[in-house]
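>>> Using only what follows, build the 3D model:
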Amino acid sequence: MSTTIELDQELQDIIERLINMGRYSNADEVVEAALSLLQQYEQEREKLMQELQKGSDSDTSDRSL
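Residues are numbered from 1 along each chain as shown. Got it, this is the predicted structure:
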């Protein structure tokens, strides 16, 4: 599957810098790494939100006693 995206110059510069540093071979690798980190972040955020909700629900039930 191939997808084309347009990035502003700042993001293009970041990708180019990472490739030039030798950390990644190409833009695809940079984007894959970035999306993997985003996915991890979103999963962790969802877990935290669920924990906050549990805590909020617990506080609400404690108040009704």
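
>>> got the buried residues for stretch 12-31?
Using 16 or more other C-beta atoms under 10 Å as the test for burial, stretch 12-31 gives 15, 18, 24, 30, 31. Just so you know, the C-beta spots here come from the backbone N, C-alpha and C atoms, and that holds for glycine as well.

>>> how far away is the fourth one from residue 9?
For residue 30, the distance to residue 9 under the criterion C-beta to C-beta, to the nearest Å works out to 15 Å.

>>> for the second one, same thing?
Here the criterion is C-beta to C-beta. By it, residue 18 lies 15 Å from residue 9.

>>> which other helices and strands contact the helix or strand hosting residue 30?
In the assignment (DSSP states H and E), residue 30 maps to helix 27-63. With contacts defined as 3 or more C-beta pairs under 8 Å, 6 or more residues apart in numbering; DSSP states H and E, the packing partners of helix 27-63 are helix 9-20.

>>> Run the chain-centre distance for the helix it packs on.
Centroid separation for helix 9-20 versus its chain: 18 Å, with C-alpha atoms, centre = their mean, to the nearest Å.

>>> what does that helix contact?
7, 24, 25, 26, 27, 30, 31 (C-beta atoms under 8 Å, 6 or more residues apart in numbering).

>>> No further questions, thank you.
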